[in-house]
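Colleague: One predicted model, sequence on top.
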2 protein chains.
Amino acid sequence: MSQRKTIHISSLRPTYGICVVGTDTIVDVYRSMPPNAFSFDVRGTRGIDISILYNPTTVSQPRGTSIKWPLDKEVEVVVTPQAPSTNVNNIKVKVSYYGIDGNTTLGIAMLYLTCVELSLDVDTNRSGTVNKNGKDKASWTWGPDGQGAILLVNCDKDNVSSKNMDNYDTRISKDEELNDFSQMILTVRGPDATFHDFKLLLYIALSDLDKVGVFRQQAGEDKSQFKHVLGTNKLYHEVEREVGEEEIVFYVEGLSFPDVGFSGLVTINLSLQDNSIQGLPVFTDTVVFRVAPWIMTPNILEPVEVFVCSVKNNQTFLKEVTDLVERKSRCKLTVCDIIDNRGDRWIQDEMEFGYSQAPHKTFPVVFDSPRDGQLRDFPFKKILGPDFGYVTREPISFYDICSLDSFGNLEVSPPVTVNGKVYPLGRILIGSSLPRSGGRQMTKVVRDFLFAQKVQAPVELFSDWLNVGHVDEFMTFVPSSDRKGFRLLLASPNTCYQLFEALKEKGYGDAAMFQGLGVGQPTINDILKNKRLKKENDYFQVCIDWNRDILIKELGLTEQDIVDIPILFKMENGFADAYFPNMVNLVVLGKDLGMAKPFGPNIDGKCCLEQMVTSLLEPLGLRCTFIDDFYCYHIQLGEVHCGTNVRRKPFPIKWWNTIP
Amino acid sequence: MSQRKTIHISSLRPTYGICVVGTDTIVDVYRSMPPNAFSFDVRGTRGIDISILYNPTTVSQPRGTSIKWPLDKEVEVVVTPQAPSTNVNNIKVKVSYYGIDGNTTLGIAMLYLTCVELSLDVDTNRSGTVNKNGKDKASWTWGPDGQGAILLVNCDKDNVSSKNMDNYDTRISKDEELNDFSQMILTVRGPDATFHDFKLLLYIALSDLDKVGVFRQQAGEDKSQFKHVLGTNKLYHEVEREVGEEEIVFYVEGLSFPDVGFSGLVTINLSLQDNSIQGLPVFTDTVVFRVAPWIMTPNILEPVEVFVCSVKNNQTFLKEVTDLVERKSRCKLTVCDIIDNRGDRWIQDEMEFGYSQAPHKTFPVVFDSPRDGQLRDFPFKKILGPDFGYVTREPISFYDICSLDSFGNLEVSPPVTVNGKVYPLGRILIGSSLPRSGGRQMTKVVRDFLFAQKVQAPVELFSDWLNVGHVDEFMTFVPSSDRKGFRLLLASPNTCYQLFEALKEKGYGDAAMFQGLGVGQPTINDILKNKRLKKENDYFQVCIDWNRDILIKELGLTEQDIVDIPILFKMENGFADAYFPNMVNLVVLGKDLGMAKPFGPNIDGKCCLEQMVTSLLEPLGLRCTFIDDFYCYHIQLGEVHCGTNVRRKPFPIKWWNTIP
């Protein structure tokens, strides 16, 4: 919305003004009109449109050969230049005033105008390149019919010798980095002399200093050089224009992701200021960008790269995972060595892979959790790099961090529709305490960040009944070719008891668990006789059912979308640990699932738990690979999902085409 | 939106549950059904509605005498109790399972329910009293068709011996204060024994601790005693219920006005928690309040009380103001004595009177400016009191305060309509620097507060061209009986020059200003000959015209809504001071205007400026009283408006009936 602009003319002396091609200027014919004037007419030289605005209920349009308008304040003269002037003051507008007889000329007011073309343009139509004269460039709307330009947070590190992400410095380090920026073009046309009397100023709001950075491409020989002109410590920039220079290209980067107090919208203003009247702006133009959010990728998206740690006692596990990743799912495997992990195997908990996307560029962004185990430097040192971004959020106090801040407690659903409301990028799922006061929660700065991204509206689940307290201990999503394209797998003590009861009925009560592990081997009968274990699992089942009800409601699921996966938990210090390796804590690589070998009771030489889960999942087109993680992960309270991490392809749908 | 709730039943053993009158509970008939079961039917005792939800495209409703439903996961059983139970487990629901032949009963699952009535209710329909079972009580909507309860910020001081506002303590000091609170009623009906096994918890979000306070009326004898139960340092409250107690009344106060990061919405939650399963909630209810905003009152509203300072040299002025207030406009006059003002006469700048309103109560609230001259303690010490609220905002650093933070720079327009958008409470107007970087601005904490009130969307004007830099130096609003009910008065150097030119033409060029004041007495000819003064005023006129264009656009005005008031400014250190007493800086008391006596050129014994302004305003039904403020205000760079302050009646329209 541009400023209304009025030029006040006078019959006593000529008036000089500047106006901008395509914008309306009101010519005030009243302020200095000659005494006794009753009507007026107005004529202009070529190159300017003159129109009369009036209220037809109180003023009638002059008819016939007369073009004289009554001097009534409800009649307004508007001029709109069509092209930039070739010379200063080359456009003339003449207003003649007449007496009550309609013939006597009582005075003439002359207005000399210099017209300039002036426009700040960005990629409002999201094509990847700047479009000129985009409508509503000062506003931003969501959805397939939406418009408005987009910025990437320049959080990768294109110069490997740099110490921090590219959004932390005020230089453009390498040519490649240019692709991370959005272009903004300032078009200036008009007599060069005009720009001695008027200056062009770009400026941003104080609150946007840490949100946006703008660089200017140098003119002439220095085209490969870029000067930092706005953002960080620069509120405004006086644009220097060479004689005849008509297009000045700026490169714009986002400095921060949306967060509490930052909607993601950033405004850049241009003003043309009159040096002769203390720099009063005579024209302003405004463009708005939205900073691209950080987006998570659900299990149904194609895997690109799998991460796993190599530690002292997990070599067999590592070999089985390698086999699954390289031979079966055929994606890239990256092993994080002991030097980088220093014994910390929980790579799922250390970071979450996502991406950030603009029409001109997409790159993956790793979100480093505030967890900070021995893997804490890995995302920054080994993942951040050229075209691989990095973001983190840390609470002020280390004491604000708990186990629920690990990213095993941060998942995202496939696309869902809930009572007609579409979430084309799914919904983020985080574990929390019950909706009452007290209990462990993910730290506020991380939750705030996740909510602020907007496009994957988070749902809070109840995971504080578990010792470790992560949502991936009781739920996951797997792809399916039918229905909604996925199933929700939910851990189910109830299902396990039902299976064991049925097996006992069939005479398999003496079948024992944990065979070959060198630990106690309880039989089905032992487990069914353990009343304390049953009571504990009844409570755990209620906790899972609580989440089931939330998931059904918040993801618009039905019972058919859910598969119950048998599990037992046991109570330790009032919280749940898995009683046997927890299959639902699995890694999804396309149609291949890598899950913990449960070491369930052996029936006719086969594990009844593996048998049951395979029979549930194979009909969906999935292949189950059971991996022994008993000593290297399970007894340390994690399973296959906790020990792996997967980078996936972005969604096919663009986030700006969604409506959050 | 209440939580989805499912009860899982079993054919092996009876299930016991609790449900809440009027809310649906899903009965899961699938999880523990007998093997080979093919269909089921369900019956219940009186007092409970049972309905079957199914997908008619895949399941057909049983016909004829059969009421057996297929065991298909798309068939759901929903029970809804109609009344609270008289005894524990008095409602029975029986599910019978049948084999494929439809006759053989394979098993029966029994569900025993205790039904309770449980509801948290507030004044959602804005009648001033609590309405039971209000729909959508967890949401809040604006406008005449809107709904949702309202809280007052309890920022008055009902106990005069208290040291601070009532929202600063956690007690209810006097019975009168109760009227400042909104009621919230918890209804609990059901067998008393149930409430041994379940506890009732009220809780709020961490972020609402400093937004809301809740008190509970004691039961029985102690009904006049109130206990602080939520807010400040209390996140949750376990509700103690006496045997047979069915209604518990709570009193709720707002602690903070809307501001950055606080929309004004406050949520209070109730949960019914099952002691037997680690306090897992089985029912939750939620109510939402909006904290009433602080509202400013424009000049067109009826005056209630006028404030003016008594200082050393303003006794004549004081007498003239007293005369205007008490004899002409007949409202209350309050003189702030030298003991309270310590020589600071700028009472307009120290504070702004507004009000806060809820359906049950309205009271005035003074907004204390961060200006802090010698009057700084006056609002807190002398205005704050019973049913007179107080609010302030101060920047962290004293150095962030400038002259633009005085409340002569804070005004509000009458109600306006702009391109169809109605502002029934007008728009706040604040002076600022130009839309570019640099220059003086009102401090961020005050601007943030004003924008956050939402109902009088602020417009920023350009006042930084003036030394003092207040909007009341170049504009004000006066009531009129015609058109929109008001006129905008704008200071106009141009109008002054036109008047002087016309008088010179008529031979009055030697008429002199400032007669009888003992200062230099320039004539009309002197002024017209002063080229420097003319050039300065041309620039000041451009600055005012800049504001004129903004005001026309942002308030939807036309030229006919504006009256130009003659004035001249002079340049001092690059900024404008009034050249003669500035009439536009006036006080409006109904149809009476108190304005600075301009001491303009005397024509036939009368001041031509007074004459002109009277002739412009009298036709609107206004009476002008010219008050000599030359030595006591004008030469210290202020006029009548700066030296007075007016408390006015609230708007007739309620803010919640507007749509911001």
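Modeller: That came through, no problem.

Colleague: just the helices in chain A please.
Modeller: A:194-197, A:315-322, A:338-341, A:347-350, A:378, A:444-452, A:493-505, A:524-529, A:531-554, A:608-617 (DSSP state H).

Colleague: The nearest residue to residue A:549 once chain neighbours are set aside - how many residues pack around it?
Modeller: Counting by CB to CB, 6 or more residues apart in numbering or on different chains, residue B:4 is the residue found nearest to residue A:549 once chain neighbours are left out, at 4.2 Å. Glycine gets a C-beta too; all of them are placed from N, C-alpha and C. Other residues lying near residue B:4 total 16 when counted by other CB atoms under 10 Å in any protein chain shown.

Colleague: And for residue A:344?
Modeller: Taking other CB under 10 Å as the criterion, the count of residues near residue A:344 is 20.

Colleague: I'd guessed it sits against residue A:372; true?
Modeller: No - using CB atoms under 8 Å as the test, residue A:344 is too far from residue A:372 to be in contact (9.9 Å).

Colleague: Quick check: nearest residue in space to residue A:229, chain neighbours excluded?
Modeller: Nearest residue to residue A:229 in three dimensions, chain neighbours excluded: residue A:237, at 4.0 Å (CB to CB, 6+ apart).

Colleague: That neighbour and residue A:186: what is the separation?
Modeller: 11 Å (CB to CB, to the nearest Å).

Colleague: got it, and residue A:487?
Modeller: 53 Å.

Colleague: Could you break chain A into its assigned domains?
Modeller: A:5-117, A:122-291, A:295-657 (automatic domain parsing).

Colleague: Would you point to the one among those domains that's packed deepest?
Modeller: Most buried of the domains of chain A by mean neighbour count (mean count of other CB atoms under 10 Å in any protein chain shown) is domain A:295-657; its value is a mean of 20.

Colleague: Surely residue A:185 and residue A:118 touch.
Modeller: No - counting by CB under 8 Å, residue A:185 sits too far from residue A:118 to count as a contact (11.8 Å).

Colleague: sorry, back to before: could you dump the domains of chain A to CSV with distance to residue B:391 and mean pLDDT?
Modeller: What follows is these, written out as CSV (distance: least, CB to CB, whole Å; pLDDT from 0 to 100):
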stretch, distance to residue B:391, mean pLDDT
domain A:5-117, 38, 91
domain A:122-291, 22, 91
domain A:295-657, 27, 96
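
Colleague: can those domains go into a markdown table with extra columns for distance to residue B:494?
Modeller: Output for the domains of chain A, formatted as a markdown table (distance: least, CB to CB, whole Å):
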| stretch | distance to residue B:494 |
| --- | --- |
| domain A:5-117 | 6 |
| domain A:122-291 | 15 |
| domain A:295-657 | 49 |
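
Colleague: Tell me the spacing between the nearest residue to residue A:169 once chain neighbours are set aside and residue A:5.
Modeller: Of all residues not flanking residue A:169 in the chain, residue A:162 sits nearest, at 7.0 Å (CB to CB, 6+ apart). As judged by CB to CB, residue A:162 and residue A:5 stand 46 Å apart.

Colleague: ok, for residue A:538, nearest residue in space, not its chain neighbours?
Modeller: Nearest to residue A:538 is residue A:493, by CB to CB, 6+ apart, at 7.7 Å.

Colleague: State the distance from that neighbour to chain B.
Modeller: Computed as CB to the nearest CB, to the nearest Å, the residue A:493 to chain B distance reads 12 Å.

Colleague: Surely that residue touches residue A:571?
Modeller: No - between residue A:493 and residue A:571 no contact is recorded; they are 11.8 Å apart, counting by CB under 8 Å.

Colleague: quick one on the thing from earlier: next up, phi/psi of the residue nearest to residue A:169, please.
Modeller: phi -70, psi 150 (degrees, to the nearest 10).

Colleague: Chain B versus that one, what's the distance?
Modeller: 29 Å.

Colleague: That residue and residue A:171 touch, don't they?
Modeller: No - using CB under 8 Å, residue A:162 and residue A:171 do not qualify as a contacting pair, with a distance of 9.6 Å.

Colleague: Just checking: what are the partner strands of the strand ranked longest in chain A?
Modeller: When chain A is parsed with DSSP state E, its longest strand is strand A:105-121. Strand A:105-121 pairs in its sheet with strand A:15-20 (parallel), strand A:91-98 (antiparallel), strand A:182-189 (antiparallel), by DSSP bridges.

Colleague: which ones are touching the residue nearest to residue A:549?
Modeller: A:549, A:550, A:552, A:553, B:26 (CB atoms under 8 Å, 6 or more residues apart in numbering or on different chains).

Colleague: Now do it, the pLDDT please.
Modeller: Looking at residue B:4, its pLDDT stands at 74.

Colleague: ok, it to residue B:582 distance?
Modeller: 66 Å.

Colleague: Same check on residue A:439?
Modeller: 63 Å.
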